[in-house]
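Chemist: Sharing a sequence plus its predicted fold:
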Amino acid sequence: EAQVTQNPRYLITVTGKKLTVTCSQNMNHEYMSWYRQDPGLGLRQIYYSMNVEATDKGDVPEGYKVSRKEKRNFPLILESPSPNQTSLYFCASSLSSMTFGELFFGEGSRLTVL
Amino acid sequence: RKEVEQDPGPFNVPEGATVAFNCTYSNSASQSFFWYRQDCRKEPKLLMSVYSSGNEDGRFTAQLNRASQYISLLIRDSKLSDSATYLCVVIRNNDMRFGAGTRLTVKP
């Protein structure tokens, strides 16, 4: 089954404790991206990747890091989480940078930072 | 002013009704447009692209008005299963912006 898989789905952590949210897609998609969704603000892009070893900042990259060493994986790293990073996070992929408006989303990861 | 704006709703309509949402965008150079659907506590899913000439997919019709800088989504013969939040997406170059969504509830 074609899918985007995120883990963990739910996480409660404390300020400053490094964490990684993994994202993997099995569709051989070139384009991958991360979003956070907050009430009233909609989805905001954190980082995106056009292809392996090519990553770029989105609208709200501060406090996050990403890497794209393999085509299928695009982990999101919070080096020192803070409470304002409490949010619902979505990873998404698309066939290519030409079609990145047509996204397949993972089921989301709800993160709470205390 | 936000780059992409939607009426948050909620829109409460009876089954069988026709309902329309608009989404306005501020950058006239925007190039591509989409509608997504998001069910409560779920991930967004692509509903349809929006083409310059307008396009239809079953009960759903999407239109683009470049002069007034908005896109619209029309749902005919609403079903209970159409209850969801509808997100518009506007793209300019590599920049992709989501609206905050319009919530629709279809009631029996």
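Modeler: Yep, that arrived.
Chemist: Return the residues of chain A in contact with chain B.
Modeler: A:35, A:40-45, A:48, A:56, A:90, A:97, A:100-108 (CB under 8 Å from any CB of the partner chain). For every residue, glycine as well, the C-beta is placed using N, CA and C.
Chemist: which residue is nearest the middle of chain A?
Modeler: Centrality entry for chain A: nearest residue to the mean C-alpha point is A:W34, 2.9 Å, by CA atoms, centre = their mean.
Chemist: Could you list everything that one pairs with in the sheet?
Modeler: Beta-bridge partners for A:W34, by DSSP bridges, are A:Y47, A:C91.
Chemist: thinking it is in contact with A:I46, fair?
Modeler: Yes. Using CB atoms under 8 Å, A:W34 is in contact with A:I46, at 4.3 Å.
Chemist: what are the ranges of the strands in the chain?
Modeler: Just going to use chain A. When assigned using DSSP state E, the strands of chain A occupy the ranges A:4-7, A:10-13, A:19-25, A:31-38, A:42-51, A:54-57, A:65-66, A:76-78, A:87-94, A:104-105, A:109-113.
Chemist: I was thinking of chain B, sorry if that wasn't clear
Modeler: With DSSP E as the criterion, chain B has strands spanning B:4-6, B:11-14, B:19-25, B:32-38, B:44-50, B:55-57, B:60-65, B:70-75, B:84-92, B:95-98, B:102-107.
Chemist: what's the nearest residue to B:A17 if we skip its chain neighbours?
Modeler: Using CB to CB, 6 or more residues apart in numbering or on different chains and skipping the chain neighbours, the partner closest in space to B:A17 is B:S78 (5.0 Å).
Chemist: what's the answer for A:P81, then?
Modeler: Using CB to CB, 6+ apart, the nearest residue to A:P81 is A:V113, at 4.5 Å.
Chemist: The one you found and chain B: what is the separation?
Modeler: 20 Å (CB to the nearest CB, to the nearest Å).
Chemist: Which positions in chain B make contact with chain A?
Modeler: B:4, B:8, B:32-34, B:36, B:42-46, B:49, B:87, B:89, B:91, B:94, B:96, B:98-101.
Chemist: Going by neighbour count, which of those are buried?
Modeler: Burial by neighbour count, 16 or more other CB atoms under 10 Å in any protein chain shown: within these this picks out B:4, B:32-34, B:36, B:43-44, B:46, B:49, B:87, B:89, B:91, B:96, B:98-101.
Chemist: Name the nearest residue to A:V66, ignoring sequence neighbours.
Modeler: A:Y47 (4.4 Å).
Chemist: just B:S28 next, same as before
Modeler: B:Q69 (6.2 Å).
Chemist: same question, B:S49
Modeler: B:F34 is the one closest to B:S49 (CB to CB, 6+ apart), at 5.4 Å.
Chemist: A:Y89 too?
Modeler: Leaving out its chain neighbours, the residue that sits closest to A:Y89 by CB to CB, 6+ apart is A:S109, at 4.6 Å.
Chemist: Can you pull the poorly scored residue ranges out of chain A?
Modeler: Within chain A, no stretch falls below the threshold (pLDDT under 70).
Chemist: brain fart, chain B
Modeler: In chain B, residues with pLDDT under 70: B:1.
Chemist: quick revisit: would JSON lines of the strands of chain A with distance to B:A17 be doable?
Modeler: Listed next are the strands of chain A as JSON lines, based on distance: least, CB to CB, whole Å:
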{"stretch": "strand A:4-7", "distance to B:A17": "34"}
{"stretch": "strand A:10-13", "distance to B:A17": "37"}
{"stretch": "strand A:19-25", "distance to B:A17": "38"}
{"stretch": "strand A:31-38", "distance to B:A17": "28"}
{"stretch": "strand A:42-51", "distance to B:A17": "26"}
{"stretch": "strand A:54-57", "distance to B:A17": "43"}
{"stretch": "strand A:65-66", "distance to B:A17": "43"}
{"stretch": "strand A:76-78", "distance to B:A17": "41"}
{"stretch": "strand A:87-94", "distance to B:A17": "30"}
{"stretch": "strand A:104-105", "distance to B:A17": "28"}
{"stretch": "strand A:109-113", "distance to B:A17": "33"}
